[in-house]
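# My questions concern the predicted model and sequence given below.
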Amino acid sequence: MASAPPPILTLSGITKSFPGVRALDGVDLEVLPGEVHCLLGQNGAGKSTLIKVVAGAHQPDTGEITWQGEQVTLSNPVSAMRLGISTIYQELDLVLHLSVAENVHLGHERATAGFVRRGEARTRTSELLTRLGHPEIHPDTIVGDLSSAGQQIVSMARALSHDTQLIVMDEPSAVLDPDEVGNLFRIVENLTADNVAVVYISHRLEEIRRIGDRVTVLKDGRAVARGLPAKETATKDIVALMTGRDVEHSFPRRATPFDDAEGGEPVLVAEGLSRAGEFDPLDLEIRPGEIVGLAGLVGSGRSEILETLYGARTPTGGTVRVEGKRLRPGSVISAVRAGLGLAPEERKAQALFMLESVTRNVSISSLPRFSRGGWLDRSGERAAAHDNIRELSLRPDNPDAAIRTLSGGNQQKAVLARWLLRRCKVLLLDEPTRGVDVGARSELYTLIRRLADDGVAVLLVSSEIPEVLGLADRVLVLREGQVVHTAPARELDEHRVLDLVMEGSQA
Amino acid sequence: MTTGATPEPSATASLDKPAPPGPPPAAATGDKGPGQGPRLVLGKLFDLHTLSLLGVLAILCVIGAITAGDQFLDTNNLQLVLTQASVIGVVTVGMTFVMIGGGIDLSVGAIVALASVWCTTVATQEFGMGGMIFCALAVGVGCGLVNGVLIAYGPMVPFVATLAMMVSARGLSLEITGGSTQMVTVDSVLDLGRRDSYILGIPPLVIIFAVITALGWVLLNRTTFGRRTVAIGGNAEAARLAGIAVKRQRLMLYALSGLCCGIAAFMLVVLSGSGQNTNGNLYELNSIAAAIIGGTLLTGGRGTIIGSVLGVLVFTLITNLFVLNNLESAFQQIATGAIIVAAVLLQRRSASHTT
């Protein structure tokens, strides 16, 4: 396929600068019709900027875009769409309270004299959903009622509702469970069979290997490798290109396995904790320095358990104790006071104050420490925050930087710094490495390990089983709100956990 | 009564004006990194928005001096402008806190009316000035607490809860007065409004306003209360998960707004020598407008006390110019609308410059 068809899209010498940053520094990209072209790179490598250029959301400073042999200017998203380029962003841009059909036709409603031809829209939506292998989604369903996988299907239907010849997918698998990922791959295969080109962005190398044809690797705003064969190139080589280093990420092991005898009294004890309809009564103990992993599919009750322990959801039964002191059920304030900290799944929506500086994001849970009679000691606050972000090697090393300018990995470090500053005893981590690039992941693993070594008890939820197995001392496997297995991590492997997680969901 | 409007010429002026101060500080607001020389000092003291407002004020003063000459520059007139700004200004300080915290308070005008009426009943006036002040503040805080409880613990949407308070507080003040004006008979209160009590030519009400502004600035910028206010307005869910008592903070914000209304009510009583159920008419809209042109985000999380105060001064000055030039108040209202639009557009542009 490499030589025969002319490329459908060619970018050459694209540069794009933002104040203070050169996001793209002469990127070339060539996409062939009907191929899955994977875009790889660490956060900050320029992937997002590049796809925004392709989508018409950003205008390049210099460089040329050629579409089907003609030089074009993509002055806005509509012009890109008219040409046949659709983009599915990581944060799905659907209107949650409208129906599936209305979302699919949003912006290009089929109408006569201003009156929407609803029947036609519905029929066409059904056709698109069938083409995507999801005839069970009804065009009249309200999008907000669908799972995130379902919503992604709707986004794709919307992309296809235009006469699309190129679809850009930004980390489509990030919100999906393993079985849903399989379905996504089938859709991608069907699309390419229809000669639609797909530009696919993912942090997961194994996915790229499964469906990718060619790979372009970005680093620091440049394409360091173009059109590598996706299936044949060694992982080691790809990682080396992305990081400029020759490493696979490894999990920092504790020197000796965590033993029942060490660690002493459990710091967090949950007894019979439950929330009707979300998870069954759960007993859980975590000792200082221990990392406990919760493995399970999305919807197995993982995040719900974390949030209930934390008081963000009110339990329907059971108790939580920290160092023997019982927490007020459903009170985050009581949990934080007792020494709990949460790094929630949706960083931007649930943890960060995007208008504020790093310092203010870090210090927000420790304000009483920097105040006397309500009066803030701002230099003390800044200095303490600075110490903490330096300890976590957060970049840039500037406590006054605006949090929104930081990469995902560094924003996550800011959240960890918040709880480090608070000197929390139990850290609840919900998908701590979601949307974090490979290099920063390893750093986060090291940090989590170090926090545990310093005596913090950690409860970790992650969709990535290797992450749970690599970090945790003990693993609880969840299925449909129930703990189906508990074992030391060293006695488990990925296949065993996957079996346990999925067993029964087949039935 | 005090607020509201613009002459047409000054509206155009204010549209033009923000541009000149615009470009230079845009860099300074962005990041401290590439900042240069003397401009940085100004940029540190005031942000772009504040500088633009100062520019607008300067232009309005020039226009005033040209069109109304001595009449405008007369000490009496300037004292009058500042006094009028003081009452709505105190209300706006409270409103700014509520808005930065992500809320809105539509009941401020009605609370001012109720507090002014309640503290001027014959029964209250028997307790003298102290009793009247206490009564005004208690009514203000009380109404604010009701708002706060409904919003934080109800939970109700701030718009709806304060709308209900606006209607019922107005109703109650009409019930208390029966529609008549309640004259103040306590001499010490009346004296406060007289010329002899001016300190170095400054009316006591203006001093109260200055003090409230200073306290508001300190509260917002130097205390945990202020920090938490910004946090819950910026991202309420993140604030809750960071362990902040979001509900209590909301309650306190509306109580604070109520307190400011109580203070403003007493100031209005001093100013007019009476209490009426029509007091504080349209204060809610005027204070919201002042906060918005001062740079407060309607969505919460950002805003400054200085900006709001400058916003109040702009509106008051415009009203004054209209009155001095005998222009119709209809144009004044149209111009006010234009200024709000211009201010928000400017905010957008400066925001997109910095990101």
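Sure thing, it's come through.
# quick check, distance from stretch A:378-391 to the centre of its chain.
Centroid displacement of stretch A:378-391 relative to its chain, using Cα atoms, centre = their mean, to the nearest Å, is 28 Å.
# Tell me which residues are up against it.
A:358-359, A:362-363, A:366, A:369-370, A:397, A:399-400, A:413-414, A:417, A:420-421, B:222 (Cβ atoms under 8 Å, 6 or more residues apart in numbering or on different chains). From N, CA and C alone the C-beta is placed, and that goes for glycine too.
# tell me the mean pLDDT over stretch B:111-131?
For stretch B:111-131, mean pLDDT is 94.
# got a winner among the contacts of stretch A:378-391 for most neighbours?
Comparing these by number of neighbours (other Cβ atoms under 10 Å in any protein chain shown), residue A:362 comes first, having 31 neighbours.
# Am I right that it is in contact with residue A:414?
Yes. At 5.8 Å, residue A:362 and residue A:414 qualify as touching, with contact defined as Cβ atoms under 8 Å.
# returning to what we had before: show me the two of the contacts of stretch A:378-391 that sit farthest apart.
For these, the farthest-apart pair by Cβ to Cβ is A:413 and B:222; their separation is 27.8 Å.
# List the buried residues of stretch A:161-178.
Residues of stretch A:161-178 classed as buried: A:161-162, A:164-177 (neighbour count, 16 or more other Cβ atoms under 10 Å in any protein chain shown).
# For those residues, work out which two are farthest apart.
A:165 and A:177 (29.5 Å).
# which one is residue B:149 nearest to, not counting chain neighbours?
residue B:251 (6.4 Å; Cβ to Cβ, 6 or more residues apart in numbering or on different chains).
# tally of neighbours for the residue of chain A found nearest chain B?
Going by Cβ to the nearest Cβ, chain B is nearest to residue A:336 of chain A, at 3.1 Å. When counting by other Cβ under 10 Å, one arrives at 23 neighbours for residue A:336.
# what's it in contact with, if anything?
A:365, A:422, A:424, B:242, B:243.
# Repeat that for residue A:199.
A:31, A:37, A:38, A:39, A:51, A:54, A:166, A:167, A:168, A:169.
# what does residue B:241 give?
A:310, A:312, A:332, A:342, A:344, A:350, A:351.
# Settle this for me: the fifth one is touching residue A:352, isn't it.
No. The pair residue A:344 / residue A:352 is not scored as a contact, 9.8 Å apart, by Cβ under 8 Å.
# Show the end-to-end separation of stretch A:317-336, please.
Here the two ends of stretch A:317-336 are set 20 Å apart, with distance taken as Cα to Cα, to the nearest Å.
# starting at the chain centroid, how far to that stretch?
29 Å.
# pLDDT score for the residue nearest to residue B:149?
97.
# Skip ahead from the host helix or strand of it and say which helix or strand is next.
Assigning secondary structure by DSSP states H and E places residue B:251 in helix B:246-272. Sequence order places strand B:274-275 as the next helix or strand after helix B:246-272, per DSSP H and E.
# Need the residues that contact that following strand.
B:116, B:117, B:118, B:119, B:120, B:121, B:177, B:181, B:182, B:183, B:184, B:269.
# Recalculate using a threshold of 10 Å.
B:113-121, B:124-125, B:132, B:136, B:173, B:176-177, B:180-184, B:265-266, B:268-269 (Cβ atoms under 10 Å, 6 or more residues apart in numbering or on different chains).
# Just the buried subset of those, written out for ChimeraX, thanks.
Of the contacts of strand B:274-275, the buried ones can be selected in ChimeraX as follows, counting by 16+ other Cβ under 10 Å:
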select /B:113,114,115,116,117,118,119,120,124,125,132,136,173,176,177,182,184,265,266,268,269
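# any idea how far the closest residue to residue B:283 other than its chain neighbours lies from residue B:277?
Among residues not flanking residue B:283 along the chain, residue B:109 sits closest, at 3.5 Å (Cβ to Cβ, 6+ apart). Per Cβ to Cβ, to the nearest Å, residue B:109 is found 11 Å from residue B:277.
# anything in contact with each of the two?
Between them, residue B:109 and residue B:277 share the contacting residues B:169, B:170, judged by Cβ under 10 Å, 6+ apart.
# residue ranges with poor pLDDT in chain B?
Residue ranges of chain B with pLDDT under 70: B:1-46, B:348-355.
# As CSV, could you dump the C-alpha coordinates of stretch B:218-232?
Provided in CSV are the C-alpha atoms of stretch B:218-232 (Å, rounded to 0.1, in the frame of the first residue of the first chain):
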residue,chain,number,x,y,z
VAL,B,218,-8.1,42.4,52.2
LEU,B,219,-10.8,39.7,52.7
LEU,B,220,-10.6,38.6,49.1
ASN,B,221,-6.8,38.8,48.6
ARG,B,222,-5.2,38.1,52.0
THR,B,223,-7.4,35.6,53.8
THR,B,224,-8.4,32.0,53.6
PHE,B,225,-12.0,33.2,53.2
GLY,B,226,-11.2,35.0,50.0
ARG,B,227,-9.1,32.0,48.7
ARG,B,228,-12.0,29.6,49.3
THR,B,229,-14.4,32.0,47.6
VAL,B,230,-12.3,32.0,44.5
ALA,B,231,-11.9,28.2,44.7
ILE,B,232,-15.7,27.4,44.9
